[in-house]
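Visitor: got a sequence here, can you build the structure:
(2 chains)
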Protein chains: 2
Amino acid sequence: MKLATLRDGSRDGRLIVVRRDGSTYVPADGIAPTLQAALDSWETTEPKLRELAARLERGEVQGRPVEVQKLAAPLPRAYEWVDGSAYLNHVRLVRKARGAEPPPTLETDPLIYQGGTSGLMGPTDDIRLADVAWGCDFESEVAVVLGDTPQGVRSEDAHRYVRLLMLVNDVSLRNLIPAELAKGFGFFQGKPASAFSPFAITPDELGPAWKEGRVHLKLRTHLNGQLVGDTDAGPEMHFSFFDLIQHIARTRSFTAGSILGSGTVSNEERARGISCLAERRMIETIDNGHPETQFLQYGDTVTIEMPGPDGVSLFGRINQKVVPA
Amino acid sequence: MKLATLRDGSRDGRLIVVRRDGSTYVPADGIAPTLQAALDSWETTEPKLRELAARLERGEVQGRPVEVQKLAAPLPRAYEWVDGSAYLNHVRLVRKARGAEPPPTLETDPLIYQGGTSGLMGPTDDIRLADVAWGCDFESEVAVVLGDTPQGVRSEDAHRYVRLLMLVNDVSLRNLIPAELAKGFGFFQGKPASAFSPFAITPDELGPAWKEGRVHLKLRTHLNGQLVGDTDAGPEMHFSFFDLIQHIARTRSFTAGSILGSGTVSNEERARGISCLAERRMIETIDNGHPETQFLQYGDTVTIEMPGPDGVSLFGRINQKVVPA
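Guide: As a prediction, this is how the structure comes out:
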């Protein structure tokens, strides 16, 4: 099942059910007004939403054409946005770029940060950047939306709490980050609003590609129309989403609608490309002694997408342009 | 105006208006079902809530008795919980306790971290601690609730975005924090759910004590019935709430209902006592070479309260007991 949120002038938008091929939708009127409301009562709303999706699929209800620019983030504001950094190749490269060592517990203790949640960007929202000197970067990621998740849940039970998956552009301001992290309390100004894919999908939409808490598919990133990353989101995700859930739920619980990100999808094999510019700059530095690629400039466009085994874009396309704030 | 949230079995509870002396309340039915809903439409709800509060004050509507144990946090879940660390005496002591240096920008660049928001504790909720060895501590703080706050707002304009004030117990797990901060991404497991005061009050309730973005009143903390802190929340708040708002809004905006904390209220004068046990342990270490006070044990109780100039408890009392999870 594919869900999305139509902008309607309200803060949380209007929940819609989208056809599997992403072409048409029907409003979820009478089931749940918003995605948050659906997640709040998932046990009762999920079967009704699935029934509506099945009727749309079979052509029993008339769908309206999906216009991606009218979609907000599936959750335009959310109660939590927690982002992991589960691809160790990314951690190693970015720390090298900052002149920082990876922590000694890199392979046993997940890196995680708590992000801002109050103004999540829709898939085609402009990235409004006040100052190009901040070093704006994209980060292409996968995320899960949780149901009510109790404190102390173990990795082996964590699958029960995954309701939906999305793609993310975790926008980062690279030149603000070193000074911020040096203060010791983690990211804040260096992580402005993140953007989310048009569609949030249930795990079964991934078929066998959803395995042991990882998405075994390629995540494609284009910069100004050029393919820069065709990274495999599966095998190199060192900590699975289930591991990350166990980690974040160690000392507290999470309410339905909390979002958990994978961190930048990153592969050791260079030919796969990159899911953020910081990695490319580090590779250039390793090869040539200095970075050549600039961070994002006004007018630059970034697209992020994940084709399914049949070629259909599973989550729709994040497609953003950098503009002056 | 004093607002609160009555537990009613729903996720966000039911908004009520409380009499100035904290004795009785009336539901805000017909104005806004929840505090978040009121904040979402503050321009239209505030005058109605104020009118209802005035009628309750004058005895024109019949109030029902406030039972604090039936109150949830004013916002039982919130879109953001951002906590500063604006009292530099606290930063210096706690860093000393961790064997860490305060950052060189301590006096010019506010320390801030992004906290979890999905399960905020009510004023009398037990602190459910899975492991006493985690080193559970309280932190007594003041917080503001923001209205919609645009990116780039300046300190001098920030007063426009402060809707309400609350008290906070920012529960911390001291023994998990050093290893977590060493990873470089800030707090996560070390900061479980925070608890909030019974009442959220509008700034005018503070009268002249609300000055230049600081609350010039005493914050009283009791541990197991003994007064341990009678700290002044005003003059030693190095960065005012307005400074903190400018800092957090530099690279993004905030939605109505976002919560911003002051950090642990802390005074240089030792006779004022402490607002967290880490400070007391550090003072003991400075004086005697080692800490003597234990972190919180099962059965310990913590209360946090702020009396107004007339002696009335402005926010009601946070009153929590530590119990096994």
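Visitor: contacts, neighbours, all on C-alpha from now
Guide: OK.
Visitor: run through who's touching the helix or strand that A:Met166 is a member of.
Guide: Per DSSP states H and E: A:Met166 is located in strand A:162-169. Residues from elsewhere that reach strand A:162-169 (C-alpha atoms under 8 Å, 6 or more residues apart in numbering or on different chains): A:138-147, A:194-197, A:199-203, A:261, A:304-305, A:315, A:318.
Visitor: return the set of buried residues in that strand.
Guide: A:Val162, A:Arg163, A:Leu164, A:Leu165, A:Met166, A:Leu167, A:Val168, A:Asn169 (16 or more other C-alpha atoms under 10 Å in any protein chain shown).
Visitor: next structured bit after the lengthiest helix in chain A?
Guide: Assignment by DSSP state H gives helix A:42-57 as the longest helix of chain A. Downstream of helix A:42-57, the next assigned helix or strand under DSSP H and E is strand A:64-65.
Visitor: quick one: A:His238 from chain B, how far?
Guide: 17 Å (C-alpha to the nearest C-alpha, to the nearest Å).
Visitor: surely that residue is in contact with A:Ser85?
Guide: No - if you go by C-alpha atoms under 8 Å, A:His238 and A:Ser85 don't touch, sitting 9.2 Å apart.
Visitor: please say which of these two ends up with more neighbours.
Guide: A:Ser85 (24 against 19; other C-alpha atoms under 10 Å in any protein chain shown).
Visitor: which ones are touching the nearest residue to that one once chain neighbours are set aside?
Guide: Nearest non-adjacent residue to A:Ser85, counting by C-alpha to C-alpha, 6 or more residues apart in numbering or on different chains: A:Gly263, 4.0 Å away. By C-alpha under 8 Å, 6+ apart, A:Gly263 lies in contact with A:Asp83, A:Gly84, A:Ser85, A:Ala86, A:Tyr87, A:Glu139, A:Ser140, A:Glu141, A:Val142.
Visitor: dump these to a markdown table, plus distance to A:Ala158 and secondary structure.
Guide: Formatted as a markdown table, those follow (distance: C-alpha to C-alpha, whole Å; DSSP: H, G, I helix; E, B strand; the rest coil):
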| residue | distance to A:Ala158 | secondary structure |
| --- | --- | --- |
| A:Asp83 | 17 | strand |
| A:Gly84 | 16 | strand |
| A:Ser85 | 18 | coil |
| A:Ala86 | 16 | coil |
| A:Tyr87 | 19 | strand |
| A:Glu139 | 25 | coil |
| A:Ser140 | 23 | strand |
| A:Glu141 | 20 | strand |
| A:Val142 | 17 | strand |
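Visitor: narrow those residues to those that are buried.
Guide: A:Asp83, A:Gly84, A:Ser85, A:Ala86, A:Tyr87, A:Glu139, A:Ser140, A:Glu141, A:Val142.
Visitor: beta-bridge partners for the residue nearest the centre of chain A, please?
Guide: For chain A, the residue nearest the mean C-alpha position is A:Val168 (2.3 Å; C-alpha atoms, centre = their mean). With DSSP bridges as the criterion, A:Val168 is bridged to A:Glu141, A:Phe196.
Visitor: buried ones in the one helix or strand in chain A whose mean pLDDT sits lowest?
Guide: One helix or strand of chain A scores below all others by mean pLDDT, DSSP states H and E: helix A:88-98, with a mean of 85. Buried residues in helix A:88-98, counted by 16+ other C-alpha under 10 Å: A:Leu88, A:Asn89, A:His90, A:Val91, A:Arg92, A:Leu93, A:Val94, A:Arg95, A:Lys96, A:Ala97.
Visitor: what pLDDT does the residue nearest to the centre of chain A get?
Guide: For A:Val168, the pLDDT comes out at 98.
Visitor: now tell me what touches stretch A:265-279 from outside.
Guide: With C-alpha under 8 Å, 6+ apart, stretch A:265-279 has contacts from A:87-90, A:93-94, A:97, A:137-142, A:174, A:219, A:221, A:228-233, A:236-237, A:264, A:280, A:293-295.
Visitor: kindly recompute the last result at 6 Å.
Guide: A:87, A:89-90, A:93, A:138-141, A:228-231, A:233 (C-alpha atoms under 6 Å, 6 or more residues apart in numbering or on different chains).
Visitor: which parts of the stretch 51-200 of chain A sit against chain B?
Guide: Contacts of the stretch 51-200 of chain A with chain B, taken as C-alpha under 6 Å from any C-alpha of the partner chain, map to A:Tyr79, A:Pro103, A:Tyr113, A:Gln114, A:Thr117, A:Ser118, A:Lys183, A:Phe185, A:Gly186, A:Gln189, A:Pro192.
Visitor: how about 7 Å then?
Guide: A:77-80, A:103, A:112-119, A:181, A:183-189, A:192-193 (C-alpha under 7 Å from any C-alpha of the partner chain).
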